[in-house]
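Undergrad: coords please:
(one chain, ligands or ions: 1)
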Amino acid sequence: YKDFGSEDLAPLTNYNDNIKILELYHGPTLAFKDFALQFLSRIFNLFLERNNKNITIIGATSGDTGSAAIEAFKNNPRVNIIILHPKGKVSEFQRRQMTTIHEDNVFTLRISGTFDDCQDIVKEAFQDRSFLNDDQYLLAVNSINWVRIIGQICYYFYASCKYTNFNKDINFSVPTGNFGNVFACYAAHKMGLPLNKIVVSVNENDILNRFFINNDYSKQKVNETVSPSMDISVASNFERLIYDFYCDRDSDLCKNFYSTFPAKSINLPAGMWEKSKDLFLSYAVDNSKTIEAIQNVYKSHNYLIDPHTAVALVSVNKLNMNKEYPTLILSTAHPAKFPNSIQEAGISIKEMPKRLSDVYDKEEISYEFLADKNAIFNFIASNN
Ligand SMILES: *Cc1c(COP(=O)(O)O)cnc(C)c1O
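TA: Prediction:
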C-alpha cells in the first residue's frame with residue numbers, strides 16, 4: 001500500500017456521536033478496490049517468482065475493477081493484463097483511468113457490445129486457453145477471487161480497533177453489489193471481530209434487499225443508477241454466504257438451492273432464512289434519495305461523499321438502528337470520481353485530487369473489437 005495517498009490508509013471521520021465514516025478511497029485509483037488488488041498483485045508476484053511462471057489476466061469491467069487491476073499489475077514483467085469494457089458504456093473518467101496507463105503489458109479493449117458480452121468472452125477464454133504459452137497461468141480478478149476477499153478483511157479489524165479498541169460490538173454499513181465487501185465483513189466476524197449488525201446497503205438493483213426482507217432472491221434486469229459500481233442483477237459472492245452461514249458448509253444443500261437459479265428464484269426454508277436476523281439488516285436506496293443525501297451531508301457537515309457512500313449512510317438513517325452500538329459507514333470511492341452526481345446535488349468540486357486531473361491530460365490508448373472471441377484470442381496470443 002505504499003502508493004496510497006494518505007499516511008493513514010483508512011482514516012475515520014466523525015459523522016455524529018454514534019456514527020463514523022471509514023474512508024477507503026485513498027489508494028491509487030481512489031476506490032476501495034485498491035485494498036484488494038494492490039495486495040493481490042504482490043501475493044501473485046511472490047508465487048510467480050517462486051515458481052518461475054507468468055500470467056495472463058483477463059477481466060471485464062463496467063466500472064472500478066478494471067482500473068484497479070491495471071494499476072496493480074502495470075509494470076509487472078511476468079504479467080499481461082487484458083481488460084474488456086463495453087464501448088461507450090463506462091464513464092469517461094473510468095475509461096480514461098484505464099486507457100491512459102501506457103505500459104507494454106496493459107491492453108485495454110473497447111468492445112462493441114454490452115457488459116454481458118464482455119463477461120461472456122472472459123468466461124469463454126477460461127474454456128479455450130489456446131492463446132496461452134506453456135509457462136502461463138490464466139487469472140481472473142473479479143471479486144470471486146478469494147485473495148481479494150482476504151485483502152478486504154483487514155480494514156474491518158483496523159477500523160474496529162481504532163474506533164472501539166475491540167471493546168464493543170459495532171455495526172458496519174456496507175454499500176454493495178456483488179456482496180464481496182459484505183462477505184469480507186462476515187469473514188472478519190467469523191475470525192473473531194466483535195460485531196452487532198452488518199447493514200447490506202444496495203441501490204435500485206435490490207436483489208439482496210429482496211432476499212433479506214422477503215426471502216426472495218430472484219434475478220431481475222439491471223437498472224442504471226448513480227452508484228454504477230453496484231449495478232448488478234446477481235450478487236456473485238452471495239453463494240458463499242448461502243454455503244457458509246445458511247447451509248453450514250453443506251455443499252450439496254447449497255448446490256441444490258442454486259441448481260435452478262437464476263431461472264427460478266432462491267427461497268430458503270423459513271427456519272433457515274430466519275437466521276438472517278441475527279446478523280444482517282438491509283435497505284435499498286433509490287437515485288433521488290442518494291443525491292439528496294450527498295446534498296444534505298455537504299450542507300450539514302461541509303463534507304463531500306460519493307454516491308456509493310451515500311447509499312450506505314441513507315440505509316443507516318432509515319433503519320433507525322439501536323443507538324447502543326456504534327456504527328461505521330464504509331466510504332468506498334472518492335466523490336470526485338462521480339462528477340455528474342456531485343453536480344446533480346448542486347455542489348461544485350473545489351479541488352480535484354492530482355491523480356484524477358492527470359487522466360484528463362494524457363493520451364488514451366485502447367483497441368477496438370467486435371464482440372468476437374476469436375479475434376480477441378488471436379490478439380492476446382500475438383501479444384503474448
Ligand atoms: C465495487 C464497488 C462497490 C461494491 O463492492 P462489492 O464487493 O460488490 O460489495 C461499492 N462501491 C464502489 C465504489 C465500488 O467500486
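Undergrad: what's the first-to-last distance across stretch 295-307?
TA: With C-alpha to C-alpha, to the nearest Å as the measure, the first residue of stretch 295-307 is 11 Å from its last.
Undergrad: mind checking how far it is from the chain centre?
TA: 22 Å (C-alpha atoms, centre = their mean, to the nearest Å).
Undergrad: what mean pLDDT does it have?
TA: Confidence for stretch 295-307, expressed as mean pLDDT, is 97.
Undergrad: where does the stretch 101-250 of the chain come near the ligand, residue by residue?
TA: 143, 175-182, 229-230 (C-beta under 6 Å from any ligand atom). Any C-beta I mention is one placed from the backbone N, CA and C, and that applies to glycine too.
Undergrad: Kindly recompute the last result at 5 Å.
TA: Within the stretch 101-250 of the chain, the positions adjacent to the ligand are 143, 175-178, 180-181, 229 by C-beta under 5 Å from any ligand atom.
Undergrad: can you list those in a markdown table and add pLDDT?
TA: Formatted as a markdown table, the entries for those read as follows, by pLDDT from 0 to 100:
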| residue | pLDDT |
| --- | --- |
| S143 | 79 |
| P175 | 98 |
| T176 | 97 |
| G177 | 94 |
| N178 | 92 |
| G180 | 95 |
| N181 | 97 |
| S229 | 90 |
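Undergrad: Widest-spaced pair of those?
TA: With distances taken as C-beta to C-beta, the most widely separated pair in these is S143 and P175, at 13.6 Å.
Undergrad: Neighbour count: these two, which is higher?
TA: A count of neighbours by other C-beta atoms under 10 Å puts P175 above the other of S143 and P175, at 32 against 22.
Undergrad: ok, the more buried one touching D306?
TA: No: counting by C-beta atoms under 8 Å, P175 sits too far from D306 to count as a contact (9.2 Å).
Undergrad: Strands of the chain, start to end?
TA: Listed from the start of the chain, the chain has strands (DSSP state E) covering 12-14, 19-23, 54-60, 79-86, 106-112, 136-139, 170-175, 195-202, 280-284, 327-331, 367-370.
Undergrad: so which of those strands comes closest to N302?
TA: Comparing the strands of the chain by their distance to N302 (C-beta to C-beta), the top pick is strand 12-14, with 11.5 Å.
Undergrad: so how far is that closest one from its chain's centroid?
TA: Worked out by C-alpha atoms, centre = their mean, strand 12-14 lies 22 Å from the chain centre.
Undergrad: Now do it: everything it contacts.
TA: By C-beta atoms under 8 Å, 6 or more residues apart in numbering, the list of residues contacting strand 12-14 from outside reads 20-23, 159, 162-163, 303, 328.
Undergrad: Pull out the buried residues from the residues you listed.
TA: Under a neighbour-count criterion of 16 or more other C-beta atoms under 10 Å, the subset of the contacts of strand 12-14 counted as buried comprises 20-23, 159, 163, 328.
Undergrad: Between which two of those residues is the distance greatest?
TA: Spatial extent of these (C-beta to C-beta) is set by the pair E23 and Y163 at 13.2 Å.
Undergrad: For the spatially closest residue to H334 that is not a sequence neighbour, give me the backbone phi and psi.
TA: The shortest distance from H334 to any non-neighbouring residue, by C-beta to C-beta, 6 or more residues apart in numbering, is to L30 (3.8 Å). Dihedral angles phi and psi of L30 (degrees, to the nearest 10) take the values phi 60, psi 30.
Undergrad: Look at K264 and say how many residues are nearby.
TA: Going by other C-beta under 10 Å, the residues that sit close to K264 add up to 10.
Undergrad: need the contact list for it.
TA: Residues touching K264, when contacts are defined by C-beta under 8 Å, 6+ apart, comprise S218.
Undergrad: For the spatially closest residue to D169 that is not a sequence neighbour, give me the pLDDT.
TA: For D169, the nearest residue in space outside its immediate sequence neighbours is N196; the separation is 4.0 Å by C-beta to C-beta, 6+ apart. Confidence per residue is given as pLDDT, and for N196 that number is 97.
Undergrad: can I assume N196 is in contact with Y325?
TA: Yes: distance between N196 and Y325: 4.3 Å, which falls inside the contact criterion (C-beta under 8 Å).
Undergrad: what is in contact with the two at once?
TA: 169-171.
Undergrad: from the residues you listed, which single one is nearest F379?
TA: N171 (47.4 Å).
Undergrad: ok, now how distant is the closest one from F245?
TA: Distance of N171 to F245, given as C-beta to C-beta, to the nearest Å: 17 Å.
Undergrad: between these two, which one's more packed in?
TA: Neighbours were tallied for N171 and for F245 using other C-beta under 10 Å; the higher tally belongs to N171 (21 against 18).
Undergrad: count of neighbours near the residue nearest to the more buried one when sequence neighbours are not counted?
TA: Distances taken as C-beta to C-beta, 6+ apart place T327 nearest to N171, at 4.2 Å, with adjacent residues excluded. Other residues within reach of T327 by the criterion other C-beta under 10 Å amount to 25.
Undergrad: now T327: how far from the ligand?
TA: Between T327 and the ligand the computed distance is 18 Å (C-beta to the nearest ligand atom, to the nearest Å).
Undergrad: Beta-bridge partners for that residue, please?
TA: I19, N171 (DSSP bridges).
Undergrad: hmm, back to that, what touches both of P175 and D306?
TA: Here P175 and D306 have T332 as joint contacts, going by C-beta under 8 Å, 6+ apart.
Undergrad: Which pLDDT value goes with D231?
TA: Residue-level pLDDT assigned to D231 equals 90.
Undergrad: Pop out the phi and psi values for it.
TA: Phi and psi for D231, reported as degrees, to the nearest 10, are phi -90, psi 90.
Undergrad: ranges for the helices of the stretch 101-250 of the chain?
TA: 115-128, 146-164, 180-190, 207-214, 238-241 (DSSP state H, counting those that start in this stretch).
Undergrad: With respect to burial, which of the ones you listed scores highest?
TA: A comparison of the helices of the stretch 101-250 of the chain by mean neighbour count, using mean count of other C-beta atoms under 10 Å, puts helix 180-190 on top with a mean of 23.
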